[in-house]
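[1] model this:
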Amino acid sequence: MRPAMKNVYLFLFIIGCLATLSLFSSSCANIIPPSGGPRDSLPPVLVNAVPKDSTVNFKSNRIVLTFNEYVDLQDVQQNLLFTPTFEVNPLIEAKLRTLTLRLKDSLQPNTTYTFNFGNAIRDVNEGNILKDFVYTFSTGPVLDSLELHGKVILAETGKIDTTLMVVLHKNLADSAVVKLRPTYVARLNSNGSFTFRSLPKDTFAIYALGDAGSGRRYLSKSQPFAFANQPVISGSRDSIILYAYKEEATQSKNAPTTGKTATTEKRLRFSSNLTGNDKDLLSDLILTTERPLRFFDSTKMTFTTDSTFTPVGYTVTKDSTNKNITIKTDWKEGTLYNLILDKDVAEDTLGRRLLKTDTISFTTRNRSEYGNLTIRIRNIDTAQNPVLQFVQNDAVFYSAPIKSGMLHLPLFLPGDYDLRILYDRNNNGKWDPGHYTDPKKQPEIVMPIEQKITVKPDWDNEFERSL
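    A predicted model of the protein is given here:
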């Protein structure tokens, strides 16, 4: 073989080796070793406590809890529960891996204390929560171990409010929940249940409270509240059911107005319950004013139908607030109505009237836009005046007595509805709250039905549901 040819083969051999080496190096470079390992998803773990958890004959004024990693505290005021309660709450400090509690109040003799941290303790790096960590000690020779269990339900809706607290008072006087701190406090879990643990053998008055502040007292009739008719005894196996209510609605403050306010607007204006220019066949026509009316003259109002302005028989009533005017008539489907208001029909407390005669025109819906509804409810107590409530967006859209367990409505607005049963003790057709002051009265109870219904237009809608 010629030398020149040998050099060519040698050159090609070297190029091939280099290409193979390059490919091997490239494939190796794509192998990326893991960096940092998996994310820490474990909460902190207690490794030491001084004094130890469940200590008896406790005499210290300081507790040091040491964990396996750096810890932090979040929302201590909302999370940490001391029971029995203190007049002067302990001080708590987080530093590196330790939590230190300094007791500022004197301890009662022969008493079991628990510190429930809720969701307050978490690790510094990932924020993993040590849920419901509890530290317990007793100033006597034994740890109390009795319990009380129960549930809190919102009487008006049958729903749960996990922000409520349940409290126990050793003082059984009705005034204790108003004037005194409770002895024991418990939270509600996600299904509204509560458990008191480490209780002594004793008798307590039990309440549920919302918006109670640090003193956990019943301070306002607009505050969520529940009470039991009889005291409870620790260690009882019976589940306690409390029905919470607000005796009075929360007073809302009027937001400041912009643009044409009540003081600058010179014209009296009426709003209505119409949807655009459509009128529901099932409800009355309601006109509303921003301010109460100083006077209202129904004879200066004319109600007609069609473009011929044929007069219609109707009745007019004004409510006790002097802001709502209700017009009732036998509504005809798919019909044009005209409500003619003379400029002198009304005047509000600011002296405002209509600037000229006004006409409100609208058309009623057709029957085909409604569904024919038949619904049967099993397992209701017909002796308690049951009322079936149709609910949309947490508000009662329609309600009707259902004493026979069945309700038939030839016209019902289509839509999705939640269902509830109101046990209407006084038979007035609406839910009534309780009273804690004389005379004591529990609220009326509303029970939700799990399955909702969907009413279709121009359809025979039949449903059967159970409580």
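
[2] my guess is F86 meets Q108, correct?
    No: using C-beta atoms under 8 Å as the test, F86 is too far from Q108 to be in contact (10.0 Å). For glycine as for every other residue, the C-beta is placed from the backbone atoms N, C-alpha and C.

[3] Who has more neighbours out of the two?
    Remark: of F86 and Q108, F86 carries more neighbours, 15 against 12, as counted by other C-beta atoms under 10 Å.

[4] ok, that one to D211 distance?
    21 Å (C-beta to C-beta, to the nearest Å).

[5] thinking R187 is in contact with F194, fair?
    Yes: when contacts are counted by C-beta under 8 Å, R187 is listed as touching F194 (6.7 Å).

[6] Now do the shared contacts for those two.
    Jointly contacting R187 and F194 under the rule C-beta atoms under 8 Å, 6 or more residues apart in numbering are V166.

[7] between these two, who's got more neighbours?
    Neighbours were counted for R187 and for F194 using other C-beta under 10 Å; F194 has more, 21 against 18.

[8] Show me the beta-bridge partners of the more buried one.
    Counting by DSSP bridges, F194 is bridged to G150.

[9] got it, and T289?
    F270.

[10] That one and S272 touch, don't they?
    No: if you go by C-beta under 8 Å, T289 and S272 don't touch, sitting 10.8 Å apart.

[11] Which one's more surrounded, these two?
    T289 (20 against 15).

[12] how about that one, what does it touch?
    268-271, 323, 346, 348.

[13] and those residues, which are buried?
    Taking 16 or more other C-beta atoms under 10 Å as the criterion, what is buried in the contacts of T289 is 268, 270, 346, 348.

[14] Now for the last one: which residues touch it?
    Under the criterion of C-beta under 8 Å, 6+ apart, the contact partners of D348 comprise 268, 289-294.

[15] what's the farthest-apart pair in these?
    The most widely separated members of those, counting by C-beta to C-beta, are E290 and R294 (13.3 Å).

[16] ok, L282 - contacts?
    Contacts of L282 (C-beta under 8 Å, 6+ apart): 370, 398, 411-413.

[17] Quick check on those residues: which are buried?
    Among those, those buried by neighbour count (16+ other C-beta under 10 Å) are 370, 412-413.

[18] In JSON lines, list the residues you listed along with secondary structure, pLDDT and distance to N119.
    Shown next, in JSON lines, are the buried ones among the contacts of L282 (DSSP: H, G, I helix; E, B strand; the rest coil; pLDDT from 0 to 100; distance: C-beta to C-beta, whole Å):
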{"residue": "Y370", "secondary structure": "coil", "pLDDT": "97", "distance to N119": "49"}
{"residue": "F412", "secondary structure": "strand", "pLDDT": "96", "distance to N119": "45"}
{"residue": "L413", "secondary structure": "coil", "pLDDT": "94", "distance to N119": "43"}
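
[19] Closest to R97 out of those residues?
    Nearest to R97, judged by C-beta to C-beta, of the buried ones among the contacts of L282 is L413 at 61.6 Å.

[20] and D123, how many residues sit next to it?
    For D123, using other C-beta under 10 Å, the count is 21.

[21] Please report how far the residue nearest to Q77 when sequence neighbours are not counted lies from Y113.
    Closest residue to Q77 apart from its sequence neighbours, by C-beta to C-beta, 6 or more residues apart in numbering: S214 at 7.4 Å. According to C-beta to C-beta, S214 stands 18 Å off from Y113.
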